[in-house]
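Q: Predicted model, plus sequence, below.
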Amino acid sequence: MKKVDNKQKAIILLTLWGPVVLQMCIIFYFSSQPAGSVVVEEFPFSTSLGHLGGYFILGLLLYRAFNSGHFAWSRKSALISLVAGIIYAMSDEFHQLFVAGRQASLSDVVLDTIGLLLFIIMLRIKSMTGK
């Protein structure tokens with residue numbers, strides 16, 4: 001068995017978790033915008049689609065990171081990704097309590113959860129059909 005040195009471990013860690021952190025930063029950036037800001041007003045998609053899409057991508061990246069870069073089905077990785085994504089969604093809504101003109105919304109957490117679940121369901125279906 002080949003030994004992995006610290007530099008290789010750091011590269012693996014960065015490639016697995018860097019995209020997760022980047023997506024979380026993107027979500028945080030959008031939720032940090034005050035109500036009526038140009039960024040929010042000129043976003044090309046509806047708010048609902050933004051939540052679904054942003055958390056679909058986060059679900060994909062979390063799953064990939066928790067499953068060591070693989071997309072083969074893992075119930076454990078799916079569950080951990082879902083829980084981690086929901087915790088992030090709730091923390092993001094809490095954060096919005098401190099942004100001018102914004103508020104926390106349970107319906108946004110529900111949309112975020114649906115986005116996470118859409119990825120997990122699609123991956124599960126793909127794994128069952130072999131396509």
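A: Structure received.
Q: what residue is smack in the middle of this structure?
A: Nearest to the geometric centre of the chain sits Leu58, at 1.9 Å (CA atoms, centre = their mean).
Q: you'd agree Gly50 is up against Ser31?
A: No: using CB atoms under 8 Å, Gly50 is not in contact with Ser31; the gap is 10.1 Å. In short, each C-beta sits where N, CA and C put it, glycine included.
Q: for the residue lying closest to Arg124 once chain neighbours are set aside, what are its contacts?
A: In this structure, Arg124 finds its nearest non-sequential neighbour in Trp73, 6.2 Å apart by CB to CB, 6 or more residues apart in numbering. By CB atoms under 8 Å, 6 or more residues apart in numbering, the contact list for Trp73 reads 123-124, 127.
Q: Helices of this structure, start to end?
A: For the chain, applying DSSP state H gives helices covering 6-31, 38-41, 47-66, 75-96, 106-129.
Q: just those helices: most buried one?
A: Comparing those by mean neighbour count (mean count of other CB atoms under 10 Å), helix 47-66 comes out on top with a mean of 21.
Q: elements contacting that one?
A: The helices and strands touching helix 47-66, judged by 3 or more CB pairs under 8 Å, 6 or more residues apart in numbering; DSSP states H and E, are helix 6-31, helix 75-96, helix 106-129.
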